[in-house]
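Peer 1: Let me see the structure of the following:
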Amino acid sequence: MSSNLEKVLAWSWTDLFTSRTVERGFDYAHEERITLEELNPDSARTLCRGSGDEVYVQTLKFRDPERFANALICKCTCPMRENCKHCVAALFYLHAPRNSEALRSALDESAPVQAPRV
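Peer 2: Coordinates of the predicted model:
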């Protein structure tokens, strides 16, 4: 059985955002601006380095997209507060094949994965 995280990442989550937000979020993820703080099958917390020196915190909550219309809840500490390019960057980070080991580890463990602080 798939976790809510896996289901949301397999779902067309990009449709929830404007094309410009998806483009900017993709750029931020590609520029490796995301740091994973915490991950479990139902939520994630990441940090994203913004366009200036600011670092924003994203909180993503995952629910079964087959059962809930609002399967993805994205909050951020940036001025937009939700559904922003920083949240999209976090989702692209989670979706990237190079990060699949951290995802697999989080889904295999009962306790959330805590990334080391640097």
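Peer 1: can you pull the buried residues of stretch 28-47?
Peer 2: Within stretch 28-47, the residues that count as buried by 16 or more other C-beta atoms under 10 Å are 28-29, 33-37, 39-41, 43-47. C-beta coordinates here come from the backbone N, C-alpha and C atoms, glycine included.
Peer 1: For the protein, which segments are assigned as helices?
Peer 2: Using DSSP state H, the helices found in the chain span residues 4-10, 19-30, 85-95, 100-108.
Peer 1: packing partners for the shortest one?
Peer 2: I take that to be helix 4-10. If you count contacts as 3 or more C-beta pairs under 8 Å, 6 or more residues apart in numbering; DSSP states H and E, helix 4-10 packs onto strand 55-62, helix 85-95, helix 100-108.
Peer 1: T14 is nearest to which of these?
Peer 2: Across the helices and strands packed on helix 4-10, T14 has its closest neighbour in helix 85-95 (7.7 Å, C-beta to C-beta).
Peer 1: Going by distance to K85, which of the buried residues of stretch 28-47 wins?
Peer 2: The closest of the buried residues of stretch 28-47, once distances to K85 are taken by C-beta to C-beta, is Y28, at 6.1 Å.
Peer 1: And the lowest mean pLDDT element among the helices and strands of the protein?
Peer 2: Every helix and strand of the chain was ranked by mean pLDDT, DSSP states H and E. The lowest is strand 113-114, at a mean of 50.
Peer 1: thinking again about what came up before, how about the helices of the chain in a markdown table, adding mean pLDDT and distance to N70?
Peer 2: Output for the helices of the chain, formatted as a markdown table (pLDDT from 0 to 100; distance: least, C-beta to C-beta, whole Å):
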| stretch | mean pLDDT | distance to N70 |
| --- | --- | --- |
| helix 4-10 | 91 | 11 |
| helix 19-30 | 97 | 17 |
| helix 85-95 | 97 | 14 |
| helix 100-108 | 75 | 22 |
